[in-house]
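**Student:** sequence first, then the predicted structure, then my questions.
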Amino acid sequence: MITIKDVAKHAGVSVTTTSYALNDKGKISAATRKRVQESAEELNYHPNAHARILKKRKSHTVGVFISDFAGSFYEDILAGIHDAVRKTDYELIVCPESQKIRKILVQRQVDGAIIFNWNITDDILIKLAATDFPIVVLDRNLKGDYLFPILVDNKKGVKEVFYHLYNQGARRIIFLAGSPDAFDNKERKSAFIAEAKKNGLSIDVYDGYFLEEYGYQVGLQIIASNHLPDAVFCANDQMAIGFIRAMEEKKLRAPEDMAVVGFDDILIARYMQPTLSTVRASRFQWGASAASQLIEFLENGTPFQRTRIPSQLIVRESSVMKKNLPDT
């Protein structure tokens, strides 16, 4: 196997000069740099990446550890991460498998990590995060010197949903909660209940999971009770879609029989019938911010900006309670 010593000998320079030339560093002449590079090419020399990582203790790789790849929700986050990483010299690995995740993190096979996976416990992340191994979390509000949460502004969007429904006359409102351990679910649930209490309302809450099938099953259950609410707010769009499917199956319509609002603004929300009112927070921006800030910290020690990704209610057909709106 050709080594850097062989290249140095072929070019007639020292190993140090050869290293500078191949890594585009050091104060050496352009002619010398060119001669070394031509020698490396002629000898078909390729640097040993693994050895370089061991020596520098840097892999120039960012790890993304995510719960799932399915659906536009995760796709948009990953697209934002990829867009930020491709503008740098860093590489990207994405891993959804819990056993592999633990190995990669513990062995620090990447320079930094972006976490959106509740299978990785808080105590592991707190223990691993360090100045030379920063960790960005997208699904929990952890505090630590080298743990950086980048989160959605759930409260703003939820508040907008509540008053959108309340100001149209909705008084009996149901909240369909998602996965109980999910940080976003907890924030959305508590914020909605808090706004209801401020206005003297008691909200019925159904706890479940961020799945279309769950929204569908709860929808059937609520319809069977023969005591329909004025409106239903779902902690994500998938549940809202399932709920509307149950309504359609039972010959009910949104918003005429019940207004329905989701959260996330996935692509299908704007094309389904009726079009789905929902809360939008740019998942692309979320992923891009996580990756760009992580790399800036790794390269330059740039402090993280602990800001929230803005959220905004997008009003569409499923929640406009026309019978309760004033004439215009």
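**Tutor:** Alright, I've got the coordinates.
**Student:** got a list of what the residue nearest to Arg280 when sequence neighbours are not counted touches?
**Tutor:** Excluding its sequence neighbours, the residue lying closest to Arg280 (Cβ to Cβ, 6 or more residues apart in numbering) is Asp265, at 3.8 Å. Where C-beta positions appear, they are placed from N, C-alpha and C, glycine not excepted. Contact analysis of Asp265 by Cβ atoms under 8 Å, 6 or more residues apart in numbering lists 237, 278-281, 314.
**Student:** I'd like those residues as TSV, with distance to Gly200 appended.
**Tutor:** Putting these into TSV (distance: Cβ to Cβ, whole Å) gives the following:
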residue	distance to Gly200
Asp237	29
Thr278	26
Val279	24
Arg280	29
Ala281	29
Ile314	27
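**Student:** so which of the residues you listed belong to strands?
**Tutor:** Those of the contacts of Asp265 mapping onto strands are 278-280, 314, per DSSP state E.
**Student:** Ile244 should be in a strand, yeah?
**Tutor:** No - per DSSP: H, G, I helix; E, B strand; the rest coil, Ile244 lies outside any strand segment and is helix.
**Student:** can you offset everything so residue one is 712?
**Tutor:** Let's use 712 as the start, then, which means that last one is Ile955.
**Student:** count of residues packed around it?
**Tutor:** Applying other Cβ atoms under 10 Å, we find 27 residues neighbouring Ile955.
**Student:** and the helices in the chain?
**Tutor:** Here the chain has its helices, by DSSP state H, at 715-722, 726-733, 741-753, 760-767, 782-796, 809-817, 833-839, 865-877, 894-909, 923-935, 948-960, 994-1011.
**Student:** contacting residues around Tyr917?
**Tutor:** 885-888, 929, 933.
**Student:** what is the nearest of those residues to Glu1010?
**Tutor:** Ala888 (40.1 Å; Cβ to Cβ).
**Student:** phi, psi of that closest one?
**Tutor:** phi -90, psi 150 (degrees, to the nearest 10).
**Student:** residues contacting it?
**Tutor:** 896, 899-900, 916-919, 946.
**Student:** please identify the buried residues of stretch 1003-1015?
**Tutor:** 1003-1009, 1015 (16 or more other Cβ atoms under 10 Å).
**Student:** spatially nearest residue to Phe873, not counting backbone neighbours?
**Tutor:** Per Cβ to Cβ, 6+ apart, closest to Phe873 is Glu906, 4.1 Å.
**Student:** show the pLDDT at that neighbour.
**Tutor:** If you check Glu906, the pLDDT there is 98.
**Student:** next one: His757
**Tutor:** pLDDT, read off for His757, is 67.
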